[in-house]
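> Let me see the structure of the following:
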Amino acid sequence: VQSVAFPRARELLDDTGIVIISGPPGIGKTTLAEMLLYAQLEEGYEPVVIRAEIAEGKRLFNPTRKQIFYYDDFLGQTFLGDRVEYLGRNEDAAIVDFMEMVRTSEHSRFVLTTREHILRGALQASARLGHSTALQHRCVLTLGDYTIGHRAHILYNHLYFSDLAESYKEQVLEGDFFLHIIGHENFSPRLIEWLASRIRLRNVPPEDYRTHISMLLDSPESIWDFAFRNQISDAARHILLSLYTMGERTSAYDLDPAFLE
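Predicted coordinates for the structure are as follows:
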């Protein structure tokens, strides 16, 4: 589904040769990046997928050929400050240098994705990234980029291509329940993917499916529970719990003693 962010990201890629797609978890960054990648393949670009570190891209870089490099989650899935080895290997400098190689090349393109809060943390933690042109290439994907029509199309696609029994799909259509889903404030592509997965519904009978969806929409924290428990440090969890007890907004000055206690 091409949201209104697609032409925005493509224009950045065409103008500068680089686009960094950022946004909150589960918003569709990887999907948008892959759509850009496929669009470039139609124009004769050769894909180079970077899976571990930027050195992979440098080894295959050829300024005389049409190449598009793709680096998903290039800063990782957790806060950069928890990855001391990243800065220790000068990976930040390597990425900045590679971006410059691509930018000055006539035939190269570069698509990267990252979570917005991780990008902001990286720009503060790394002088090389902070002083680079990274922000000039950033395309922030938000929920507002998905119209009601986009949301309906996303829901339809996931249900149509899912392995769910027809009895589950009928529950979504009954009484136009799908309108409740696509209009909910907590709608996200990740959540729709989650609720269309049969393995995650093995203990939910068809007659309880709509109740299950409503609970997931109203309290989507179960989707992020694994990341909370396994992908951030103990200190990060303690900060989040301290912040939660202090309400929506608080200063770092007030948060500090609560965290230490």
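> if I've got this straight, Lys69 is in a strand?
Small correction: residue 69 is Phe, not Lys. Yes - under DSSP: H, G, I helix; E, B strand; the rest coil, Phe69 sits within a strand.
> wait, it sits on Val102?
Yes - with contact defined as CB atoms under 8 Å, Phe69 reaches Val102; the gap is 6.8 Å. To be clear about C-beta, it is placed using only N, CA and C from the backbone, and glycine gets the same treatment.
> Give me the common contacts of those two.
Ser108, Arg109, Phe110 (CB atoms under 8 Å, 6 or more residues apart in numbering).
> circling back: between Phe69 and Val102, tell me which one has more neighbours.
Phe69 (27 against 21; other CB atoms under 10 Å).
> which residues touch that one?
Phe69 touches Val48, Val49, Ile50, Gly57, Phe61, Phe98, Val102, Ser108, Arg109, Phe110, Val111, counting by CB under 8 Å, 6+ apart.
> Mind checking which of those are in helices?
Within the contacts of Phe69, residues falling in helices by DSSP state H are Gly57, Phe98, Val102.
> helix, strand or coil for Ile21?
Quick answer, by three-state DSSP: Ile21 is strand.
> I'd like the distance between it and Tyr160.
As judged by CB to CB, to the nearest Å, Ile21 and Tyr160 stand 26 Å apart.
> Please work out which residues outside stretch 31-42 touch it.
So stretch 31-42 is contacted by 2-3, 5-6, 9-10, 13, 19, 21, 47, 68, 70, 72, 109, 111-113, 141, 189 (CB under 8 Å, 6+ apart).
> What's the ChimeraX syntax to select whichever of the residues you listed are buried?
Applying 16 or more other CB atoms under 10 Å to the contacts of stretch 31-42 leaves a buried subset, and the ChimeraX line that selects it is:
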select :3,5,6,9,10,13,19,21,68,70,72,109,111,112,113,141,189
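> In strands only, show me the contacts of stretch 31-42.
Val19, Ile21, Pro47, Ile68, Tyr70, Arg109, Val111, Leu112, Thr113 (DSSP state E).
> Just flag the most distant two among those.
The most widely separated members of those, counting by CB to CB, are Ile21 and Pro47 (16.1 Å).
> quick one on the thing from earlier: pick the one among the ones in helices among the contacts of Phe69 closest to Ser251.
Nearest member of these to Ser251, counting by CB to CB, is Phe98, at 38.3 Å.
> For Arg109, see how far away that closest one is.
12 Å.
> ditto for Arg202
Taking CB to CB, one finds Arg202 at 42 Å from Arg109.
> Buried residues of the strand or helix carrying Arg59, list them for me.
Using DSSP states H and E, Arg59 sits within helix 55-60. Of all the residues in helix 55-60, those buried under the rule 16+ other CB under 10 Å are Gly57.
> elements contacting that helix?
Secondary-structure packing of helix 55-60 (3 or more CB pairs under 8 Å, 6 or more residues apart in numbering; DSSP states H and E): strand 46-50, strand 67-71, helix 91-103.
> ok and the second one relative to strand 18-23, angle-wise?
Pointing back at strand 67-71 there. 30 degrees (axes from the mean of the first three to the mean of the last three CA atoms, to 10 degrees).
> what lines up beside strand 67-71 in the sheet?
The pairing partners recorded for strand 67-71 under DSSP bridges are strand 46-50 (parallel), strand 108-115 (parallel).
> Between the ones you listed, which one is closest to Phe177.
strand 108-115 (31.0 Å).
> Give me the residues contacting the closest one.
With CB under 8 Å, 6+ apart, strand 108-115 has contacts from 13, 17-25, 29-30, 32-33, 36-37, 40, 45, 61, 63, 66-75, 77, 98-99, 101-102, 122.
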